[in-house]
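Undergrad: how would this look folded up:
(one chain, ligands or ions: 2)
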Amino acid sequence: MVSKLRQDITAKSKSAGGALGGLRMTRQRKLVYDVLLDERDHPTATEVFIRSKARMSSISLATVYNCLETLSAAGLVKQVNVGRDASRYCPNLAEHAHFVCVKCEKVYDIGLKCNEEVESVWALPEGSRIDHLEVAMKGLCAECNGGDKRSGKMEEQV
Ligand SMILES: [Zn+2]
Ligand SMILES: [Zn+2]
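TA: Residues are numbered from 1 along each chain as shown. Ligands and ions are numbered 1, 2, ... in the order given. Coordinates of the predicted model:
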């Protein structure tokens, strides 16, 4: 399942490399998008700015914010909000939830183990549909949990 998810992500990123959903790719947008694809650790806008600046010294924070907004609006990037922290950005467009480690604050992409549609996983009121799903779990990652492979306590938040 994990490898299937990976394939989906790669396939999506590849097709996104071309036309990008009709979005005109300026040099800045492309750069910001590449930064997100290169290191999928869910950086904040400030972190994206620092990484972009290292590649294009003329880019400003305002431009980075603009690019992130445009990429999110075009559906190429997901905005991830965890608690009251600054938004983070994720280029993984496959359906997934986020697991946040409360100790090291790393954010992990979590796929579903079963091949069900999200609609059938959650007990939705009959006749409704999901347009946007945002699930964040909090706990301790394997490393912070002392390398214990058992999953830590999780808190679910929608
Ligand atoms: Zn951790
Ligand atoms: Zn993600």
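
Undergrad: and for C90, nearest residue in space, chain neighbours not counted?
TA: Nearest in space to C90, with sequence neighbours left out and distances taken as C-beta to C-beta, 6 or more residues apart in numbering, is K78 at 4.5 Å. Using the backbone N, CA and C atoms, a C-beta is placed for each residue, glycine as well.

Undergrad: OK, contacts around the one you found?
TA: Counting by C-beta atoms under 8 Å, 6 or more residues apart in numbering, K78 touches S72, Y89, C90, P91, N92, L93.

Undergrad: over to the residue of the chain most remote from its centre: give its phi and psi.
TA: Distance to the chain centre peaks in the chain at E126, reaching 28.9 Å (criterion: C-alpha atoms, centre = their mean). Per-residue torsions, E126: phi -50, psi 140 (degrees, to the nearest 10).

Undergrad: so which strand or helix has L37?
TA: Using DSSP states H and E, L37 maps to helix 27-38.

Undergrad: what is the mean pLDDT for that helix?
TA: Averaging pLDDT along helix 27-38 yields 96.

Undergrad: quick check: buried residues in that helix?
TA: Q28, R29, L31, V32, Y33, V35, L36, L37 (16 or more other C-beta atoms under 10 Å).

Undergrad: just checking, the first one touches T63?
TA: The reference is to Q28. Yes: Q28 lies in contact with T63 (C-beta atoms under 8 Å); the separation is 5.4 Å.

Undergrad: coming back round to it: hmm, which two among the contacts of K78 are most spread apart?
TA: S72 and N92 (13.2 Å; C-beta to C-beta).

Undergrad: and the two? Which one has more around it.
TA: Taking other C-beta atoms under 10 Å, S72 and N92 do not tie; N92 has more neighbours (22 against 15).

Undergrad: and the chain, which residues reach ligand 1?
TA: Counting by C-beta under 5 Å from the ion, the chain comes close to ligand 1 at C101, K103, C104, C141, C144.

Undergrad: want to throw the residues you listed into a markdown table with neighbour count and pLDDT?
TA: Below are the residues of the chain next to ligand 1 laid out as a markdown table (neighbours: other C-beta atoms under 10 Å; pLDDT from 0 to 100):
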| residue | neighbour count | pLDDT |
| --- | --- | --- |
| C101 | 18 | 92 |
| K103 | 13 | 93 |
| C104 | 11 | 91 |
| C141 | 18 | 95 |
| C144 | 16 | 95 |
